[in-house]
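Engineer: My questions concern the predicted model and sequence given below.
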Amino acid sequence: MLIVRPAAPTDLDAVLELARQIGPGMTTLKADRGALERRLEIASASFAGTAAPIECDYLFVMEDCATGRVGGVCAIKRSVGLDEPFYSYRLGTMIHSSAEANVFAQMQALYLSYDMTGCAELCSLYLHPDYRQGLNGKLLSKSRFLFIAQFPELFSERIFAEMRGYQDIDGSSPFWESLGRHFFKMDFQAADDMCGRDKAFISQLMPRHPLYTALLSEEARAAIGKTHVDTVPARRLLEQEGLRYEGYLDIFDGGPVLQAKVGDLRASRESMRVVAEAGTALAGVDALVSTTSMRDFRVIAARAAPEGGRLVLPPEQLDALRCAPGEEVVTMPVQPARAAGIRKQENSATFS
């Protein structure tokens, strides 16, 4: 059985090993032992409610209960851009027209934006290849939404996720080669590594004026808003939860930034509190089940058939959740109601 739980300082070696397996493009999970050690300390303080809001970083790991192995990691940063600028590009339109020349042209342009300042960020999602099967990826990614739905007061109105942008088979980024390289005078990997340590160089080197996309290479234009092949499944899961691409891009690789209002997230609308009971689970739908404690937040995937405000779970699942019969849990179908052919009954804690 797999469980998603808050990361602890004792997870340092396991998280570091996962970070070492990630290729270029994920600046929020670098294989830097010192930085990860500090991050795990902040995560512990965040879940304990003792970290300053500006530095809260809710880092989760997915643990294999049978072996104790950590097979995945994901995170929610409470707010970005408050201690150092957070940049993105906004894709917009400029109009060039001349009645005398009989020309009317719409030109796409990239505008440097700080619009995500103060928003919460979904980040650092990585699942080890050994665990990429069944519901594991959904459990890891979507567990964060149950956390947000239970503790919405921790977050601003809007939440977003930067998707890793398109890269060629050799790991190079067409978007970076056509744009960023001209201003930063370094390889994509070098810029990506620097961004993971200190973002001050971005404000010093980044062009601040609108950039016409027509001046980029054809390959770079094709990469705008395009997701890395390894990140396509993660994007699909986020879109199921209500996040959408609205024309914002990562400034380095041109990957899409997905966003949503917290109140519009599926977990905010479809999750429900029920009382846990021990027993033989009835036939139900694939669902996520979580505890209600922030300090000891835990999530599993289970077959769930809540009825009358109660949910029957096998003893081993209750043990994994560290939940006693009679305590409240929160549950939500893994698949959106429309996709799974189910709907939530009004005024009744039942999946049907």
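Structural biologist: Done, it's in.

Engineer: hey, let's count contacts and neighbours off CA atoms from now on
Structural biologist: OK.

Engineer: Would you mind measuring from residue 211 to residue 91?
Structural biologist: Shown here: residue 211 relative to residue 91, a distance of 10 Å by CA to CA, to the nearest Å.

Engineer: Sketch out the low-pLDDT regions of the protein for me.
Structural biologist: Across the chain, the stretches falling below the confidence threshold (pLDDT under 70) are 23-25, 196-198, 338-352.

Engineer: Spatially central, which residue of it would that be?
Structural biologist: residue 122 (3.0 Å; CA atoms, centre = their mean).

Engineer: mind checking the SS state of it?
Structural biologist: Following DSSP: H, G, I helix; E, B strand; the rest coil, the label given to residue 122 is strand.

Engineer: Next: the one 3 residues further on.
Structural biologist: Look at residue 125: counting by three-state DSSP, its state is strand.

Engineer: That one against residue 71, yeah?
Structural biologist: No - Residue 125 lies out of contact with residue 71 (CA atoms under 8 Å); the separation is 11.2 Å.

Engineer: More neighbours: the two, which one.
Structural biologist: In terms of neighbours (other CA atoms under 10 Å), residue 71 is the more surrounded of residue 125 and residue 71; the figures are 24 against 21.

Engineer: Tell me how many other residues crowd residue 246.
Structural biologist: Applying the criterion other CA under 10 Å, we find 14 residues in the vicinity of residue 246.

Engineer: Would you check how far apart the nearest residue to it once chain neighbours are set aside and residue 163 are?
Structural biologist: The shortest distance from residue 246 to any residue other than its chain neighbours is 6.9 Å, reached at residue 258 (CA to CA, 6 or more residues apart in numbering). Plainly put, residue 258 is 7 Å away from residue 163 if you go by CA to CA.

Engineer: for residue 236, same thing?
Structural biologist: Counting by CA to CA, the gap from residue 236 to residue 163 is 11 Å.

Engineer: repeat for residue 227
Structural biologist: Using CA to CA, residue 227 is found at 6 Å from residue 163.

Engineer: any shared contact partners between those two?
Structural biologist: Taking CA atoms under 8 Å, 6 or more residues apart in numbering as the contact rule, residue 227 and residue 163 both touch 235, 255, 256.

Engineer: my read: the first one touches residue 164, true?
Structural biologist: Spelled out, that is residue 235. No - under the criterion of CA under 8 Å, residue 235 makes no contact with residue 164, lying 9.4 Å away.

Engineer: and for those two, which residues touch both?
Structural biologist: When contacts are counted by CA under 8 Å, 6+ apart, residue 235 and residue 164 are jointly contacted by residue 227.

Engineer: So between those two, which is more surrounded?
Structural biologist: Neighbours were counted for residue 235 and for residue 164 using other CA under 10 Å; residue 164 has more, 28 against 22.

Engineer: How is the chain divided into domains?
Structural biologist: As given by automatic domain parsing, the domain ranges for the chain are 2-86+115-134+154-231+245-264, 271-340.

Engineer: for these, which one sits closest to residue 141?
Structural biologist: Taking CA to CA as the criterion, residue 141 comes closest to domain 2-86+115-134+154-231+245-264 out of the domains of the chain, the separation being 7.0 Å.
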